[in-house]
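Trainee: sequence first, predicted model second:
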Amino acid sequence: MDVLIVDARLWDGTGAPVQNGVDVRISGDRVVEIGHALARDGTSVIDVAGATVIPGLIDAHVHLAMDPGAAWRTTTPEQHAEALRRHLRAYLACGFTTILDPAVAPDELALIRATLADGAPGPRYLTLGTPFSPPDGYVAVVIPGFPSVASAADVEAQLDAMVAERVDGVKVTVEDGIAGPVWPMHSDAVFSAIHDGAERRGLHVYAHAMTPKEQLLALDKLHPYAFVHPPDRPDKDALEAIVASGVYETSTLSVFDGLRGGFEPQRLTDPLVLLTVPLDEVSTALDRDVKHAFGRKMIATAFPHMPMKGTVGRLAAHEFVVGPRVRRAERSVRDLSDAGVPLVLGSDSGNWPIIPYLFHGPTSVRELELLGEAGLIFEQALTAATRTPAKMLGIEAGTIEVGHLADLVVIDGDPLADLSAVHHVRLVYRAGVGHSPEDWAIAP
């Protein structure tokens, strides 16, 4: 039976103005009709009584295989598999119907796909598979288990394996350290092999580069399709080069803002967190010993030769350290938006298992709010979470149009006037299947 959503306040994501009193008909997994006073015969009618309807949201940077804070817990494979199911449901409960995972190991990718194929509710899952990392460099030095490539032959072998895994692009790391150069980067020969090999296979290159200097290097060596992070600070030369290249930029403001979970415990009792986040993850994030251990580990990784890492780690977990980093990143994102760079929302949820605060689901909602706090008008922020990432990913989502996938979010409130309205989701439709956040969160 078709579904007819009636009396919607519709923001369709196409750039058209908001319309009131709109009906949207869904048949199967598609939107088939949009209009006023549509016929109701043979249709299940959902009267939203003037609530705002927007396209399903898209998070273009998550790490689904990473359980937040897992480094500080002992987790069995069965517990990890159950956490994965909870995380998948959390994205739907928060209104996110598509996610892009830019780095996942082959065994974890197989588990995710098997879980979804087995009928577990979850968002549309796209991935860049195994990242291209240099020996003893990022990402393998931070998360052991990821392979590295040292030659053109290594690159070709990894590309062939990734084509067999049906990836949606490739991720290349261009980072020499979290807080200064401590890691090697790819040689020019390897950069060329990745670029040329990906191009031959029709795969877009996504670059991990977090500073203006690294983004300029990536533009020169890789000519990437997208960056999975923005520059961590404003920079005129990088901005000009980014604009000229036409590259997509991903927001990931939560990389820094998420650290506030260590000294703003009220974040951890937000109703959306309590609805969607596994209890053991919340408990880990509230643990003071974990907070201090995380600070020490983060400083040890960023500054391997620094003495007194414990003291510095404790000092780092304060607003006077985190706040300026967030504000610099927000200025960088605002500059990108003002310059017309295609900006896509990405939260980096999951991120690094030593980080206890980047929960799957609620962090994506927070990322949308951060775009507003960065100075984007709210329609720009919503576009960065809908139409622009859908275009980047080449999927028929991100807008509510006839023939497109029926991904919709019904919100009690007006996110175009107040982005905090995204905390008040009434219904989420993913490919024509709709439930309340509470029902998505407890779905089997």
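Mentor: Looks like it came in fine.
Trainee: for the stretch 201-350 of the chain, which spans come out with low pLDDT?
Mentor: For the stretch 201-350 of the chain, residues meeting the criterion pLDDT under 70 lie at 305-317.
Trainee: let's see it at 90
Mentor: Applying pLDDT under 90 to the stretch 201-350 of the chain flags the ranges 262-263, 265, 292, 295-322.
Trainee: just want the most central residue of the protein.
Mentor: Nearest to the centroid of the C-alpha atoms of the chain, with distances taken as Cα atoms, centre = their mean, sits His61, at 2.9 Å.
Trainee: pull out the buried positions in the host helix or strand of His292.
Mentor: In this structure, His292 sits in helix 288-302 according to DSSP states H and E. Judged by neighbour count (16 or more other Cβ atoms under 10 Å), helix 288-302 contains these buried residues: 290-291, 293-299, 301-302. In short, each C-beta sits where N, CA and C put it, glycine included.
Trainee: same question for stretch 171-189.
Mentor: So stretch 171-189, judged by 16+ other Cβ under 10 Å, has buried residues 171-177, 182-183, 185-186.
Trainee: ok, which stretches of the stretch 51-200 of the chain are helices?
Mentor: For the stretch 51-200 of the chain, the helices defined by DSSP state H, counting those that start in this stretch occupy 77-93, 106-117, 152-164, 188-200.
Trainee: got the contact list for the shortest one?
Mentor: It stands for helix 106-117. Helix 106-117 is contacted from outside by 64-65, 81, 84-85, 88, 101, 104, 122, 125, 127, 129-130, 161, 165, using Cβ atoms under 8 Å, 6 or more residues apart in numbering.
Trainee: that helix: how far from the chain's middle?
Mentor: Computed by Cα atoms, centre = their mean, to the nearest Å, the chain-centroid distance of helix 106-117 equals 18 Å.
Trainee: also stretch 141-154?
Mentor: On the basis of Cα atoms, centre = their mean, stretch 141-154 is displaced by 23 Å from the centre of the chain it belongs to.
Trainee: ok, stretch 426-441 next?
Mentor: 20 Å.
Trainee: between the two ends of that stretch, what distance do you get?
Mentor: Chord length of stretch 426-441, first to last residue, is 13 Å (Cα to Cα, to the nearest Å).
Trainee: if I look at the closest residue to Ser187 other than its chain neighbours, how far off is Ala218?
Mentor: Spatially, and ignoring its direct neighbours in sequence, Ser187 is nearest to Pro134 (7.9 Å; Cβ to Cβ, 6 or more residues apart in numbering). From Pro134 across to Ala218, the span is 13 Å (Cβ to Cβ, to the nearest Å).
Trainee: returning to what we had before: show me what the helix holding His292 is packed up against.
Mentor: Applying 3 or more Cβ pairs under 8 Å, 6 or more residues apart in numbering; DSSP states H and E, one finds that helix 288-302 makes contact with helix 309-316.
Trainee: for whatever helix or strand comes next after the helix it packs on, packing partners?
Mentor: Per DSSP H and E, helix 309-316 leads on to helix 319-338 as the next helix or strand towards the C-terminus. If contacts are counted by 3+ Cβ pairs under 8 Å, 6+ apart, helix 319-338 sits against helix 236-245, helix 254-257, strand 343-344, helix 362-373.
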